[in-house]
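[1] no sequence on this one, just coordinates:
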């Protein structure tokens, strides 16, 4: 009986972590796109703003072939919003890892523990 309770607590916790990571990715990206739009009006285009947010969140250097407005936006985000970008990277990592953990827990619950 105890292993059933522990299994479902673990499964619920990992499921909640996945939902939280996805929500954080969406909300942080939304806030950073709005910050770009307030910084410069040409980033009212969601695609252009999202490209800047994605590039700023990656820790890769700014490519030389990037347009000047995009490289300015990346530099602005990296200098002005380092903590939200760090949170966005963490949320990305967790939103990739937690589905694998969910699947592993389900397989373990079925074949190892026999609780499903």
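    Good, I have the coordinates. The shown structure was predicted, so the numbers you read here are calculated from the model rather than taken from an experiment. Residues are numbered from 1 along each chain as shown.
[2] for the lengthiest helix in the chain, which positions count as buried?
    Using DSSP state H to define each element, the chain has its longest helix at helix 2-39. Residues of helix 2-39 classed as buried: 7, 11, 14, 17-18, 21, 24-25, 28-29, 32-33, 35-37 (neighbour count, 16 or more other CB atoms under 10 Å). For the C-beta atoms, the positions are set from N, CA and C on the backbone; glycine is no exception.
[3] Pull out the buried positions in stretch 95-103.
    Buried residues in stretch 95-103, counted by 16+ other CB under 10 Å: 95, 98, 101, 102.
[4] Take those residues and write them to TSV, including pLDDT and secondary structure.
    Output for the buried residues of stretch 95-103, formatted as TSV (pLDDT from 0 to 100; DSSP: H, G, I helix; E, B strand; the rest coil):
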residue	pLDDT	secondary structure
95	97	helix
98	98	helix
101	97	helix
102	97	helix
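[5] so the helix or strand just after the longest helix of the chain versus helix 2-39, what angle?
    Per DSSP states H and E, the first helix or strand lying C-terminal to helix 2-39 is helix 46-57. Helix 46-57 and helix 2-39 are oriented at 110 degrees to each other (axes from the mean of the first three to the mean of the last three CA atoms, to 10 degrees).
[6] Helix 46-57 packs against which elements?
    Judged by 3 or more CB pairs under 8 Å, 6 or more residues apart in numbering; DSSP states H and E, helix 46-57 is in contact with helix 2-39, helix 68-80, helix 82-107.
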